[in-house]
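**Student:** Generate a structure from the sequence data that follows.
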Amino acid sequence: MKTVLITGANKSIGFETARQLLQLGYFVYIGSRDQQKGEQAVAQLKAEGYENVEAIVIDVDNSESIKAARQKLGSKIEMLDVLINNAGISGGFPQTASEVDIHTFRQVFETNFFGAIETTQAFLDMLKKSSGPRIVNVTSGLGSLTLHNDSHWKYYHVKGACYTASKAALNAYTIVLAYELRDTAFKVNVVDPGYTATDFNHHSGPGTVEDAAARLVKAATLAADGPTSQFFSDDNNPQTGVSPW
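**Tutor:** Residues are numbered from 1 along each chain as shown. Take a look at the predicted model:
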């Protein structure tokens, strides 16, 4: 049975991603900063008939929490097949480049960028033991520098300085990691789940968590001949499903 760890999975897109991977026969570890919320998510999924699910406390802003999560998961299983770095924050909007507080920049980068890196590095040894390891970094269409410089893009005027920069940085890290692992069985990609109605954006997005999660699941379950180092985005380019960096 394949295994997957999803950070920030106790609600919204992460939770629905867990549900869809359970439907595909994966054993899912629900990553949550709060033990109680993680257990509540597990209880809900078990009430729906899914048994292969467990909560793991992991706060990606906290190095000790990441280490503890790695130790706990390592005591349960030797190998991890999929890591989905889903945990993230917006930092609140508006975020003007000239006025946003530097503390907000640091806070957003700590979660969206440094947290994803540290989590990836912590679990990389377990992923390397899989015959088909997958790393999915959840990004945003707002992380595309090419589109942000295109005045015809539908989200051209949405310029969140902290959030945009953090996701662009995560995209860059993903490219470098995918290159490093290019001669292995790894598939390392970023996925834009689309502008989805969640707590993250006060339910302002037009997309559904079901569609958003399906995009993450697709990248998490890529076949051996699937692509790596890609920026998947049905929202930005529904024809190809790939966004420019």
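**Student:** Report the buried residues of stretch 110-128.
**Tutor:** Residues of stretch 110-128 classed as buried by neighbour count (16 or more other C-beta atoms under 10 Å): 110-120, 122-124, 126-127. Any C-beta I mention is one placed from the backbone N, CA and C, and that applies to glycine too.
**Student:** OK, contacts around the closest residue to Ala185 other than its chain neighbours?
**Tutor:** Excluding the flanking residues, the one nearest Ala185 by C-beta to C-beta, 6 or more residues apart in numbering is Gly132, at 5.4 Å. Going by C-beta atoms under 8 Å, 6 or more residues apart in numbering, Gly132 touches Asp81, Ala185, Lys187, Ala224.
**Student:** three-state assignment of the last one?
**Tutor:** It refers to Ala224. Secondary structure assignment for Ala224 (DSSP: H, G, I helix; E, B strand; the rest coil): coil.
**Student:** I'd like to know how far it sits from Lys187.
**Tutor:** 9 Å (C-beta to C-beta, to the nearest Å).
**Student:** Ser130 now?
**Tutor:** Counting by C-beta to C-beta, the gap from Ser130 to Lys187 is 11 Å.
**Student:** Looking at those two, which is more packed in?
**Tutor:** Lys187 (25 against 17; other C-beta atoms under 10 Å).
**Student:** The more buried one touches Lys218, doesn't it?
**Tutor:** No. Counting by C-beta atoms under 8 Å, Lys218 is not a contact partner of Lys187; they are 11.1 Å apart.
**Student:** taking the buried residues of stretch 110-128 one by one, which sit in helices?
**Tutor:** Residues of those located in helices (DSSP state H): Gly115, Ala116, Ile117, Glu118, Thr119, Thr120, Ala122, Phe123, Leu124, Met126, Leu127.
**Student:** Tell me which helix or strand Tyr179 sits in.
**Tutor:** Tyr179 belongs to helix 161-180 when assigned by DSSP states H and E.
**Student:** now that helix, how far from the chain's geometric center?
**Tutor:** Put simply, helix 161-180 sits 12 Å off its chain's centre (C-alpha atoms, centre = their mean, to the nearest Å).
**Student:** same deal with stretch 67-81?
**Tutor:** That offset, for stretch 67-81, works out to 19 Å (C-alpha atoms, centre = their mean).
**Student:** Using PDB, write out the CA atom coordinates for that stretch.
**Tutor:** The C-alpha atoms that make up stretch 67-81 are tabulated as PDB, following Å, rounded to 0.1, in the frame of the first residue of the first chain:
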ATOM      1  CA  LYS A  67      11.900  16.700  13.300                       C
ATOM      2  CA  ALA A  68       9.400  15.100  15.700                       C
ATOM      3  CA  ALA A  69       7.000  14.300  12.800                       C
ATOM      4  CA  ARG A  70       9.900  12.700  10.900                       C
ATOM      5  CA  GLN A  71      10.800  10.600  13.900                       C
ATOM      6  CA  LYS A  72       7.200   9.600  14.500                       C
ATOM      7  CA  LEU A  73       6.500   8.600  11.000                       C
ATOM      8  CA  GLY A  74       9.800   6.800  10.700                       C
ATOM      9  CA  SER A  75       8.800   4.700  13.700                       C
ATOM     10  CA  LYS A  76       5.700   3.600  11.800                       C
ATOM     11  CA  ILE A  77       6.900   3.100   8.300                       C
ATOM     12  CA  GLU A  78      10.300   2.900   6.600                       C
ATOM     13  CA  MET A  79       9.300   4.300   3.200                       C
ATOM     14  CA  LEU A  80       7.200   7.200   2.100                       C
ATOM     15  CA  ASP A  81       5.800   7.300  -1.400                       C
END
